[in-house]
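**Q** Sequence and predicted structure are below.
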Amino acid sequence: MTRKLIDCREYPSDSHCTVAISADSESELLEVAVQHAVAIHGHSDTPELRETLKSLFKEETPPIR
């Protein structure tokens, strides 16, 4: 199963956030990413925020073994 990832380092902000979040499902990742965006970055939980966050999801590269 491919994990999904969102990484604040790829989207510079005034807070210089370095958090990366990953999950097995988009729905789980979205919920945690929304919580982070609201609590840390001061965004409002809106449908537009959720769509923007979903558009930033990437597939996580599995570790090399």
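**A** That came through fine. The model shown is predicted, which means the values in this text are computed figures rather than measured ones.

**Q** I'd like to know the predicted local confidence at Arg65, please.
**A** In this model, Arg65 is scored at 68, pLDDT.

**Q** ranges for the strands of the protein?
**A** 4-7, 20-23, 58-59 (DSSP state E).

**Q** Mind giving me the packing neighbours of the second one?
**A** Under the contact criterion of 3 or more CB pairs under 8 Å, 6 or more residues apart in numbering; DSSP states H and E, the helices and strands touching strand 20-23 comprise strand 4-7, helix 26-39. Quick note: C-beta positions are derived from backbone N, CA and C, even for glycine.

**Q** how about low-confidence regions in this structure?
**A** Across the chain, the ranges flagged by pLDDT under 70 are 1, 62, 64-65.

**Q** again, 80 this time
**A** Residue ranges of the chain with pLDDT under 80: 1, 12-13, 61-65.

**Q** so who does the residue most central in space within it touch?
**A** Central residue check for the chain by CA atoms, centre = their mean: the C-alpha nearest the mean position is that of Ile6, 3.4 Å away. By CB atoms under 8 Å, 6 or more residues apart in numbering, the contact list for Ile6 reads Ala20, Ile21, Ser22, Leu29, Ala33, Leu53, Leu56, Phe57, Lys58.

**Q** Separate out the buried members of the residues you listed.
**A** Ile21, Ser22, Leu29, Ala33, Leu53, Phe57 (16 or more other CB atoms under 10 Å).

**Q** of those, closest to Ser44?
**A** Nearest to Ser44 among those is Leu53, at 12.5 Å by CB to CB.

**Q** residue contacts, the closest one?
**A** By CB under 8 Å, 6+ apart, the neighbours of Leu53 are Ile6, Leu30, Ala33, Val34, Ala37.
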